[in-house]
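Novice: Next comes the sequence, and after it the predicted model I'd like to discuss.
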Amino acid sequence: MDKAELTTMIIDNLSNSNEDRIRYDALDAADPDYMMYSPTPVGYNTTAEQQFLMQNLLIGFAGGSLLDIGCGRCDLYGVASELASLNGEIVLYDAIDHNPNMTQLGEQKWGLTGVRIGAFETAKLEPSEWVVASGVFTQRRCATEDDDLQKLFDDIDILYNLSTQVVSFNLLNPINNTHHEGFFYVHPGLVMDMLIEKYQYVTIRNNYSKDVYTVLIYKI
């Protein structure tokens, strides 16, 4: 499938009109709608890219309880709700982020209440069927690469213990990419080997962006 065909497939899967996506992508920081709708403040180049990568994180999700780690403005809720509605189901949504400005935007944008503010590592969170961490592991958080890797797998274990069905998250791919200071890149082969050894049922998808790949760990 070439890039044009893939782009068409992505757009066909999204609920926003093409006019909306063009408008969101064109917003600049001076526009009052920028923080609420632009893909840039939440780390994406385009709205289509953001929504497609979120669909990657939710492959197989058909409704039920979902814990959104590092939720930002809760855009994952919008994608999850669409997927659930296809099955006549709803999303029982729980979310946490360290940035109160973003969580407030999320509540306003999606009509949510009770989005948590804090660090998922220390928060008292209830188990959910799906636990999703989108963009949580893109920044380096430790002084050395070895410590970053250990921190990653410690955090994955936290997510795994909070999930009753599926854990999903994304990582930056070091292969054929420019590496930027302060960002955390980890080889997908290493991740696959280590996660299969510990958790057994693991899928990795590198099916759209050359920079980001998606990992899903299944408990059922």
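Specialist: Okay, I see it.
Novice: buried sites along stretch 31-51?
Specialist: Applying a neighbour-count criterion of 16 or more other CB atoms under 10 Å, the buried positions in stretch 31-51 are 35, 37-42, 44, 46-51. No exception for glycine: its C-beta is placed from N, CA and C like everyone else's.
Novice: Just the ones of these in helices?
Specialist: Here DSSP state H is the test, and the buried residues of stretch 31-51 give Met35, Tyr37, Thr47, Ala48, Glu49, Gln50, Gln51 as lying in helices.
Novice: Identify the farthest-apart pair in those.
Specialist: Set against one another by CB to CB, these have their most distant pair in Met35 and Ala48, with a gap of 19.3 Å.
Novice: Show me how far the host helix or strand of Ile158 is from its chain's centre.
Specialist: The secondary structure element spanning Ile158 is helix 145-162 (assigned by DSSP states H and E). Centroid displacement of helix 145-162 relative to its chain, using CA atoms, centre = their mean, to the nearest Å, is 16 Å.
Novice: contacts for it?
Specialist: By CB atoms under 8 Å, 6 or more residues apart in numbering, the residues outside helix 145-162 that reach it are 67, 69, 120-121, 125, 127-128, 131, 133, 136-137, 140-142, 167, 169, 184, 186, 194-195, 199, 217, 219.
Novice: Show me how to select, in ChimeraX, the buried members of those residues.
Specialist: Only the buried members of the contacts of helix 145-162 end up in this ChimeraX selection, burial being decided by 16+ other CB under 10 Å:
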select :67,69,120,125,128,131,133,136,137,140,167,169,184,186,194,195,217
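Novice: Give me the distance between the residue positioned nearest the centre of the chain and Glu145.
Specialist: Note on the chain: the residue nearest the mean C-alpha position is Ser134, at 2.1 Å, using CA atoms, centre = their mean. Per CB to CB, to the nearest Å, Ser134 is found 23 Å from Glu145.
Novice: Many thanks, I have nothing further to ask.
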